[in-house]
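[1] Fold the stuff below for me.
(one chain, ligands or ions: 3)
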Amino acid sequence: MARIVLKFGGTSVGDIERIKNAARKIKAEVARGNEVAVVVSAMSGATNQLVKWVSEVSDLPDPREYDVVVATGEQVTVGLLALVLQQEGVKARSWVSWQIPIRTDGAHAKARIIDIDTTEMARTMTAGEVPIVPGFQGLSPEGRITTLGRGGSDTSAVALAAALKAERCDIYTDVDGVYTTDPRIVEKAQKIDRVTYEEMLEMASQGSKVLQTRSVELAMNHHVRVQVLSSFDAALGSDLPGTLVVDEDEIMAQGLEKSVVSGIAFSKDEAKVTVTHVPDRPGVAAAIFGPLAAANINVDMIVQNVSLDGSSTDITFTVPRADLVRAVQELEQAKADLKFAEVQSDINVAKVSVIGVGMRSHAGVALKMFETLAAKGINIQVISTSEIKISVLVAAEYTELAVRALHTAYDLDAA
Ligand code: ADP
Ligand code: ASP
Ligand code: MG
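    Ligands and ions are numbered 1, 2, ... in the order given. Modelled structure (predicted):
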């Protein structure tokens, strides 16, 4: 008997028929003798609608009230799923975040889970009841409702799996696994059977939204085995039909051959900022990035040129597009002190990344990327690398072209 957490994403609970389909999967896992806890998202589109309503009443909403509104989508689906399961003869009950509780920090709209008290839930599971838990929501130290950031139900599910010491966390979605790149963009993308936490973390953080980045981070830190699989296929999670996200050791132990590049990710959610004629002296970079960090704005790629005349230089970097206005405001405020010339910004950019643990031991991976893009006439604006990833910033209109060309160049196309 295994304890497993099942998570159903928005499309997998998108209407009543799909909720019934999810209930059948849950019932089948219970019938196999497994102890099951379930996390659900809001119905697909529901959270977008809630966000839209908030924006219609306020330009700068009180984040606490924003969270009260957007967290409600998940309350609908936990109740509906519990009702359907009961009708199917499965003992089930819904929970909401404050009843458990799922404790988070107070960073509304992007809260982090601190602790899940599973005492009572584990007791009900042992007694044969299936708990249905809302993804995305938490409870702040002040006792207010928080949300975990868009796509956050993945993180709720992995955190619950860690807290319950579950054997596996099955993420049911609308694709049958993690692919070498987004299958909606590249038809020849291939399903990956096993991917390491590290690669999945890079893929998610570089734009592959099949899993929320934070969920992969949590899975890696707590060694939660995660499976991504389709809720529309007949196969059951326990037969392992999807993609397993696991430790590198597990992949090596199975003798699976790893290609140098495992996947290609892209993101159009970036914006490029250039601060021109920055005086070239110690402390300037800290003075530029300090206020951005203080404003909780994540800076990603950074380039600073050597100044030709030794007096001033340009610094270019990327921020999430949603934070661009705030970033520019922060920099304008620092202008008098820093004495740079101006702040330029560009939202017409996309970041394309190639990812693979095999890069650690292979030379020439970056060169192949640059040559491939050059052959397509795509100009590279900024480059950044990590041990297992190379990212480039290009004009947004070339995103699909770049992703497809790189997919072919690294031999990832399906036959
Ligand atoms: P859910 O609502 O179930 O959480 P999401 O829409 O958040 O589902 O995530 C699933 C989607 O992620 C897929 O439909 C697919 O278009 C997209 N996606 C992006 N990159 C990848 C990838 N590398 N592999 C699989 N799916 C990906
Ligand atoms: N419902 C939330 C969203 O749409 C959380 C999730 O689905 O993961 O972002
Ligand atoms: Mg998702």
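[2] Got phi/psi on Leu393?
    In terms of degrees, to the nearest 10, the main-chain angles of Leu393 are phi -100, psi 130.
[3] repeat for Thr243
    phi -100, psi 130.
[4] ok, now Gly237?
    Backbone torsions for Gly237, taken as degrees, to the nearest 10, come to phi -50, psi -40.
[5] Pull out the buried residues from stretch 355-367.
    355-359, 365 (16 or more other CB atoms under 10 Å). Placement of C-beta: from N, CA and C, glycine included.
[6] In strands, which of those residues fall?
    Judged by DSSP state E, the buried residues of stretch 355-367 include Ile355 as members of strands.
[7] Go through the buried residues of stretch 355-367 and say which is closest to ligand 2.
    Set against ligand 2, the nearest of those by CB to the nearest ligand atom is Ile355 (22.4 Å).
[8] Please report how far that closest one lies from Ile264.
    Note on Ile355: its distance to Ile264, by CB to CB, to the nearest Å, is 7 Å.
[9] doesn't Arg321 make contact with Gly207?
    No: Gly207 is not in contact with Arg321 according to CB atoms under 8 Å; the separation is 11.9 Å.
[10] For Met137, list each beta-bridge partner.
    That one is not Met; residue 137 is Gln. Following DSSP bridges, Gln137 is listed with bridge partners Thr147.
[11] tell me the contacts of it?
    Neighbouring residues of Gln137 by CB atoms under 8 Å, 6 or more residues apart in numbering: 67, 71, 74, 96-97, 102, 145-148, 156.
[12] For those, give me TSV that also has secondary structure and neighbour count.
    Converted to TSV, the contacts of Gln137 look like this (DSSP: H, G, I helix; E, B strand; the rest coil; neighbours: other CB atoms under 10 Å):
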residue	secondary structure	neighbour count
Asp67	helix	24
Ala71	coil	24
Glu74	helix	30
Val96	coil	19
Ser97	helix	26
Ile102	strand	29
Ile145	strand	23
Thr146	strand	31
Thr147	strand	26
Leu148	coil	29
Ser156	helix	29
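[13] Contact partners for Gly10?
    Gly10 touches 41-47, counting by CB under 8 Å, 6+ apart.
[14] any idea which of the residues you listed is the one closest to Leu83?
    Leu83 has its nearest neighbour among the contacts of Gly10 in Met43, at 14.5 Å by CB to CB.
[15] I'd like to know how far the closest one sits from ligand 2.
    Distance, Met43 to ligand 2, using CB to the nearest ligand atom, to the nearest Å: 9 Å.
[16] For the remainder of this discussion, apply numbering that starts at 8.
    Understood, numbering begins at 8; the last thing we discussed is Met50.
[17] what about that residue, neighbour count?
    22 (other CB atoms under 10 Å).
[18] so it makes contact with Val85?
    No: Met50 lies out of contact with Val85 (CB under 8 Å); the separation is 11.6 Å.
[19] quick one: what helix or strand has the closest residue to Pro248 other than its chain neighbours in it?
    The shortest distance from Pro248 to any non-neighbouring residue, by CB to CB, 6 or more residues apart in numbering, is to Ala242 (3.7 Å). Using DSSP states H and E, Ala242 sits in no helix or strand.
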